[in-house]
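# Sequence isn't available, so here's the structure alone:
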């Protein structure tokens, strides 16, 4: 039943969508795994996007290794429907790579879905895309987001237009749902 | 030869000074070790100050464990001559502990020597002490310092009054010298 959201099976929800997940050394293991699984289960093609520094990365908890599908410099926002920035200490490393920063800028400028969780919003600051936006994050960087002009909210998941943010791994189910909903609304609108 | 800096032995340089080093999980191993050694070699009493979360912390590289001498809530700025914030991911954790943030505020307000290296300046942002100050840091947080009103300089070590900052472990010799010099100038002034 295409076009009828109510009747869709779970796997058809994001069929035809490509979701990029940004990775670097020290990502929050559960965030990468659960975002990738949720998007894949909903029918999206998941692409891991690296900074260019290495071809595989280790998670902060030592539980997961992530293989990079493509480097940030080799993909453009128009090849993706959403980009998700996972947390841990990966964003701290990603913000030093201009190709990653530029990709995030492009995604925001094109109105595609942009998600960030935990420390992921550090990369949003470097991309200069949070001014005047309602966001949340891991609390240690709340002051940095406020100083960058964001309106920081102490809520599990915050959505401001195409921008979806969340604070910590236990918010993953709500975060994934919000990203999926934003992608589906975008598909309907386009 | 008290009062004559030229004639002092190395160990007499900081005699009578107490230097607090702030620690939390994930500190940059070499920064803690080398700052503690330099201050101790110069004759200062070194005190490790924890956030209160645990009594020992592990370094980011797994090379060093640090035992906490005192919790931030149990020491005041007037019991110290300098406070040094080491880097790694310790500052990201410390900025969530109000007693640590308050101690840094007090140290700055009292004009005592305040040093920070690597990611350490994240805690300076949380303490609200960088506005209008010339600082440096690990480059990933340069944008956060600029957004907080600091004047970020791409230099190995930057001194602005009592505030001494540096970017990375290889800057440690110059950073330690600048902290020691600032303490000695302070001693002469008082």
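That came through fine. Everything numeric here is computed off the predicted structure, so don't read it as measured data.
# which stretches of chain A form strands?
A:18-23, A:45-50, A:56-58, A:65-67, A:70-71, A:82-85, A:113-117, A:134-135, A:151-152, A:157-160, A:163-166 (DSSP state E).
# Next, format those strands as JSON lines and append mean pLDDT.
Listed next are the strands of chain A as JSON lines, based on pLDDT from 0 to 100:
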{"stretch": "strand A:18-23", "mean pLDDT": "98"}
{"stretch": "strand A:45-50", "mean pLDDT": "98"}
{"stretch": "strand A:56-58", "mean pLDDT": "97"}
{"stretch": "strand A:65-67", "mean pLDDT": "97"}
{"stretch": "strand A:70-71", "mean pLDDT": "98"}
{"stretch": "strand A:82-85", "mean pLDDT": "98"}
{"stretch": "strand A:113-117", "mean pLDDT": "98"}
{"stretch": "strand A:134-135", "mean pLDDT": "98"}
{"stretch": "strand A:151-152", "mean pLDDT": "98"}
{"stretch": "strand A:157-160", "mean pLDDT": "98"}
{"stretch": "strand A:163-166", "mean pLDDT": "98"}
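# Mind checking these for the one nearest to residue B:110?
Among those, strand A:151-152 comes nearest to residue B:110, with 30.0 Å by C-beta to C-beta. For glycine as for every other residue, the C-beta is placed from the backbone atoms N, C-alpha and C.
# how distant is that closest one from the center of its chain?
Centre-to-centre, strand A:151-152 and its host chain are 18 Å apart (C-alpha atoms, centre = their mean, to the nearest Å).
# swap in stretch A:89-103?
Worked out by C-alpha atoms, centre = their mean, stretch A:89-103 lies 13 Å from the chain centre.
# got a list of what residue A:34 touches?
Counting by C-beta atoms under 8 Å, 6 or more residues apart in numbering or on different chains, residue A:34 touches A:169, A:172, A:176.
# Could you report the separation of it from chain B?
Taking C-beta to the nearest C-beta, to the nearest Å as the criterion, residue A:34 is separated from chain B by 22 Å.
# repeat for residue A:54
As judged by C-beta to the nearest C-beta, residue A:54 and chain B stand 17 Å apart.
# Just give me the neighbour total for residue A:126.
With neighbours defined by other C-beta atoms under 10 Å in any protein chain shown, the count for residue A:126 comes to 26.
# circling back: can you redo the strands of chain A as a markdown table with distance to residue B:143 and mean neighbour count?
Formatted as a markdown table, these follow (distance: least, C-beta to C-beta, whole Å; neighbours: other C-beta atoms under 10 Å in any protein chain shown):
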| stretch | distance to residue B:143 | mean neighbour count |
| --- | --- | --- |
| strand A:18-23 | 17 | 24 |
| strand A:45-50 | 21 | 21 |
| strand A:56-58 | 23 | 17 |
| strand A:65-67 | 25 | 15 |
| strand A:70-71 | 22 | 15 |
| strand A:82-85 | 15 | 28 |
| strand A:113-117 | 15 | 28 |
| strand A:134-135 | 16 | 21 |
| strand A:151-152 | 16 | 19 |
| strand A:157-160 | 20 | 20 |
| strand A:163-166 | 18 | 28 |
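# Throw these into a markdown table and include distance to chain B, thanks.
What follows is the strands of chain A, written out as a markdown table (distance: least, C-beta to the nearest C-beta, whole Å):
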| stretch | distance to chain B |
| --- | --- |
| strand A:18-23 | 15 |
| strand A:45-50 | 17 |
| strand A:56-58 | 13 |
| strand A:65-67 | 18 |
| strand A:70-71 | 19 |
| strand A:82-85 | 14 |
| strand A:113-117 | 15 |
| strand A:134-135 | 14 |
| strand A:151-152 | 13 |
| strand A:157-160 | 19 |
| strand A:163-166 | 17 |
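# Need those strands in CSV (columns: distance to residue B:109).
What follows is those, written out as CSV (distance: least, C-beta to C-beta, whole Å):
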stretch, distance to residue B:109
strand A:18-23, 40
strand A:45-50, 44
strand A:56-58, 42
strand A:65-67, 45
strand A:70-71, 47
strand A:82-85, 37
strand A:113-117, 35
strand A:134-135, 31
strand A:151-152, 26
strand A:157-160, 34
strand A:163-166, 34
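# In chain A, which residue sits closest to chain B?
Closest residue of chain A to chain B, C-beta to the nearest C-beta: residue A:147 (4.0 Å).
# ok, now which ones touch residue A:174?
A:156-157, A:166.
# residues of stretch A:179-190 that come out buried?
The neighbour-count check on stretch A:179-190 (16 or more other C-beta atoms under 10 Å in any protein chain shown) flags A:179-180, A:182-184, A:186 as buried.
# Among the contacts of residue A:34, which are located in helices?
Mapping these onto helices (DSSP state H) picks out A:172, A:176.
# how about the strands of chain A, which one is nearest residue B:95?
Using C-beta to C-beta, the strands of chain A put strand A:151-152 closest to residue B:95, at 14.1 Å.
# Touching that closest one from outside, list them.
With C-beta under 8 Å, 6+ apart, strand A:151-152 has contacts from A:132-137, A:142, A:145-146.
# Against residue A:90, how distant is residue A:29?
Computed as C-beta to C-beta, to the nearest Å, the residue A:29 to residue A:90 distance reads 11 Å.
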